[in-house]
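1. no FASTA, just this:
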C-alpha cells in the first residue's frame with residue numbers, strides 16, 4: 001500500500017498523530033474533523049495515499065469505491081437520517097489543504113443550500 005511520509009492523513013492512519021476514529025477497515029479510515037463545520041463532521045480517507053480526485057485511476061480506484069460504500073454506513077451510524085452532505089476539495093481553487101484524497105461528511109443540522 002502506498003503511503004507518504006510527509007502526509008498528515010497518512011500519519012493519522014498510521015497512528016502517529018492522534019484522531020477520534022469513527023471507522024476503519026482495510027481500505028478506509030474515518031475520523032472526526034478537528035475543526036468541525038457542522039455538528040457532525042467526519043473525514044473519510046483511503047488508507048492508500050492518493051493526492052486528490054485527480055489521481056484516482058484504474059490501479060487505485062478500489063479505494064474510492066470502498067469510501068462510497070462506507071459513507072452511508074457512517075452516516076446511518078451517526079444518526080444522519082434527515083440527510084448529510086459529502087464534499088471533496090480538489091486543488092487550490094477548491095481550497096484543498098491536505099493533499100490526500102478525502103471526503104467530508106457534514107450533517108446533524110440543516111445545512112445552508114448555497115455552497116459558495
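-> Yes, it's here. Please read these numbers as outputs of a predicted model, since none were measured by experiment.
2. Neighbours of the residue nearest to residue 85 when sequence neighbours are not counted, how many?
-> Residue nearest to residue 85 in three dimensions, not counting chain neighbours: residue 106, with 4.5 Å by C-beta to C-beta, 6 or more residues apart in numbering. Any C-beta I mention is one placed from the backbone N, CA and C, and that applies to glycine too. When neighbours are counted by other C-beta atoms under 10 Å, residue 106 registers 19.
3. what are the bridge partners for residue 106, then?
-> Taking DSSP bridges as the rule, residue 106 bridges to residue 41, residue 85.
4. Do you know the pLDDT at it?
-> We have a pLDDT of 98 for residue 106.
5. check contacts around it.
-> Taking C-beta atoms under 8 Å, 6 or more residues apart in numbering as the criterion, residue 106 is in contact with 37, 38, 40, 41, 84, 85, 86, 87.
6. what's the closest of those to residue 58?
-> residue 86 (22.8 Å; C-beta to C-beta).
7. how near is that closest one to residue 6?
-> Look at residue 86 and residue 6: by C-beta to C-beta, to the nearest Å, they are 26 Å apart.
8. And these two? Which one has more around it.
-> Legend: neighbour count by other C-beta under 10 Å for residue 86 and residue 6, higher for residue 86 (15 against 8).
9. in the chain, which spans are helices?
-> Assigned by DSSP state H, the chain shows helices spanning 8-13, 61-77.
10. Need the winner for burial among those.
-> Across those, averaging neighbours per residue (mean count of other C-beta atoms under 10 Å) puts helix 8-13 on top, at a mean of 20.
11. just checking, what packs against it?
-> When contacts are defined as 3 or more C-beta pairs under 8 Å, 6 or more residues apart in numbering; DSSP states H and E, helix 8-13 sits against strand 28-32, strand 40-46.
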